[in-house]
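1. No sequence on hand, only this structure:
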């Protein structure tokens, strides 16, 4: 990307770069904002392949599949690379055209993909089969040397998860449980919800801890308020009982005895008469 931006005037290259950085930073958590930044970069440098690719991924993240597909095609024409082939096929799925995605899975471009790209293409093809209601075909599509391998690669967890999910959809619960377990072994970063799926299969119900904690906090607050009221009452009673007595050092020159209230003076006078 840096090399591509060097073809632009320095000031323009810096502005485009800033927007692309924001796209990368926001695309997972704030896809709509990422998309807005991608449109700015696109207006500034639409003839830069990296810009078209970033715009494509931002549109894809916001489910604007037609727009994403157009941007990916433009980037592919500019670079001649086939690395975007799987995501282009998935855009066809997003547009409700699984048959086109399957056709792309059989094109020569797939053979030019690296191993990660080929696994991604297999995932897309399996998804297209499921779109067409062909569950068993989807399961067969995912069965591959990469699935059977004990080696853990960046794509392993996603591939195993897709296989487990397809098995479960086909009613093969025991096999699904086994593969969700294998997914969990490979998913060190927690990219999937395999642990939750396993718990569901085992009949484990999750309690909303946030609600319970909130109720507990409210109860504790009420108890604290009651204790504060009790403490205040005890203090007031103690002060009345001691006639607001005060400890002091008689040698302290700054000490001034408290003035006696009229009620206290009357009480003392009655005591003297008695």
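-> That came through, no problem. Note that the structure is predicted; figures quoted are calculated from it, not measured. Residues are numbered from 1 along each chain as shown.

2. Could you use CA atoms for every contact and neighbour count after this?
-> Noted.

3. Sort out which residues of stretch 108-127 are buried, please.
-> By 16 or more other C-alpha atoms under 10 Å, the buried positions in stretch 108-127 come out as 110, 113, 117-127.

4. The residues you listed in helices, which ones?
-> In helices, judged by DSSP state H, the following of the buried residues of stretch 108-127 are found: 117, 118, 119, 120, 121, 122, 123, 124, 125, 126, 127.

5. I'd like those laid out as CSV, including distance to residue 42 and pLDDT.
-> Below are those laid out as CSV (distance: C-alpha to C-alpha, whole Å; pLDDT from 0 to 100):
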residue, distance to residue 42, pLDDT
117, 26, 97
118, 29, 97
119, 30, 97
120, 27, 97
121, 27, 98
122, 31, 98
123, 30, 98
124, 28, 98
125, 30, 98
126, 33, 98
127, 31, 98
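
6. Let me have the residues you listed in JSON lines, adding distance to residue 52 as columns.
-> JSON lines is the format used below for those (distance: C-alpha to C-alpha, whole Å):
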{"residue": "117", "distance to residue 52": "20"}
{"residue": "118", "distance to residue 52": "23"}
{"residue": "119", "distance to residue 52": "24"}
{"residue": "120", "distance to residue 52": "21"}
{"residue": "121", "distance to residue 52": "21"}
{"residue": "122", "distance to residue 52": "25"}
{"residue": "123", "distance to residue 52": "24"}
{"residue": "124", "distance to residue 52": "22"}
{"residue": "125", "distance to residue 52": "25"}
{"residue": "126", "distance to residue 52": "27"}
{"residue": "127", "distance to residue 52": "26"}
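
7. Please name the residues that touch residue 132.
-> residue 98 (C-alpha atoms under 8 Å, 6 or more residues apart in numbering).

8. if I look at it, how far off is residue 202?
-> 29 Å (C-alpha to C-alpha, to the nearest Å).

9. Point out where the stretch 51-200 of the chain drops to low pLDDT.
-> In the prediction, the stretch 51-200 of the chain carries no residues with pLDDT under 70.

10. Show me the helices in it, by range?
-> For the stretch 51-200 of the chain, helices defined by DSSP state H, counting those that start in this stretch occupy the ranges 65-79, 85-94, 98-105, 115-131, 135-142, 145-148, 156-169, 173-186, 194-201.

11. buried stuff in the fifth one?
-> Think helix 135-142. 135, 137, 138, 139, 141, 142.

12. Who are the packing partners of it?
-> Packing partners of helix 135-142 (3 or more C-alpha pairs under 8 Å, 6 or more residues apart in numbering; DSSP states H and E): helix 115-131, helix 156-169.

13. How far away from the center of its chain is it?
-> 29 Å (C-alpha atoms, centre = their mean, to the nearest Å).

14. what's the angle from it to helix 156-169?
-> Orientation check (axes from the mean of the first three to the mean of the last three C-alpha atoms, to 10 degrees): helix 135-142 against helix 156-169 gives 160 degrees.

15. swap in the third one?
-> Using the same axes, to 10 degrees, the inter-axis angle of helix 98-105 relative to helix 156-169 is 140 degrees.

16. gap between helix 98-105 and the chain center?
-> That offset, for helix 98-105, works out to 30 Å (C-alpha atoms, centre = their mean).

17. same question, the shortest one
-> Mean C-alpha position of helix 145-148 versus that of the full chain (C-alpha atoms, centre = their mean) differs by 29 Å.

18. which other residues reach that helix?
-> So helix 145-148 is in contact with 119, 156, 159, 160, going by C-alpha under 8 Å, 6+ apart.

19. any chance of those in a markdown table, plus distance to residue 88?
-> Below are these laid out as a markdown table (distance: C-alpha to C-alpha, whole Å):
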| residue | distance to residue 88 |
| --- | --- |
| 119 | 14 |
| 156 | 21 |
| 159 | 19 |
| 160 | 22 |
